[in-house]
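Enquirer: Show me how the following folds:
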Amino acid sequence: EPKRKAAFGSVGRRIPDRILHVINQDGESLGNMHRAEALKLMDQHDLKLVLLRENAEPPVYGLMTGQQIHEEQLKRAEKKKASPKPGVVQKELSFSSAIAKNDLETKTKQIAHWIEKKYHVKVTIRQAK
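Expert: Okay, the predicted model is just below:
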């Protein structure tokens, strides 16, 4: 089974890469360095090492305080909530052009309810015989 992507947070001392690009807690680049140097820096300043971009070459890690990590997790959660959900729900309703008034009102209320829930609504009207 494929590995699930870990949540944003401290990687501790489990760093698979030998060479990393390190950014300090103020957002300034410290350049590329060996894993051991980055861990030594982390211990000296009592910070945590966080993977920021793994697809970069070399991967980008940031030195952060626990508070900075928490704030970044909250920002990412808020961003994820705001993004549109995959697989938009689509509702489809079909009725005859000879529909009774009360039935039409009921279906109109149902359509309004679906639109409030941000569903995509498709309405088909068949011609009465």
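Enquirer: Quick check: phi and psi at Leu52.
Expert: phi -100, psi -50 (degrees, to the nearest 10).
Enquirer: Just after the worst-scoring helix or strand of the chain on mean pLDDT, pick out the following helix or strand.
Expert: Every helix and strand of the chain was ranked by mean pLDDT, DSSP states H and E. The lowest is helix 66-82, at a mean of 84. The first helix or strand that comes after helix 66-82 along the chain, using DSSP states H and E, is strand 90-96.
Enquirer: Can you list the strands that that next one pairs with?
Expert: In the sheet, strand 90-96 lines up against strand 120-126 (parallel) (DSSP bridges).
Enquirer: then the strand it pairs with to PDB, C-alphas only?
Expert: This file holds the C-alpha atoms of strand 120-126, laid out as PDB (Å, rounded to 0.1, in the frame of the first residue of the first chain):
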ATOM      1  CA  HIS A 120     -24.900  21.500  -9.200                       C
ATOM      2  CA  VAL A 121     -28.500  21.100 -10.300                       C
ATOM      3  CA  LYS A 122     -29.600  19.900 -13.700                       C
ATOM      4  CA  VAL A 123     -33.300  20.200 -14.600                       C
ATOM      5  CA  THR A 124     -34.900  18.400 -17.500                       C
ATOM      6  CA  ILE A 125     -38.500  19.300 -18.700                       C
ATOM      7  CA  ARG A 126     -40.200  16.700 -20.900                       C
END
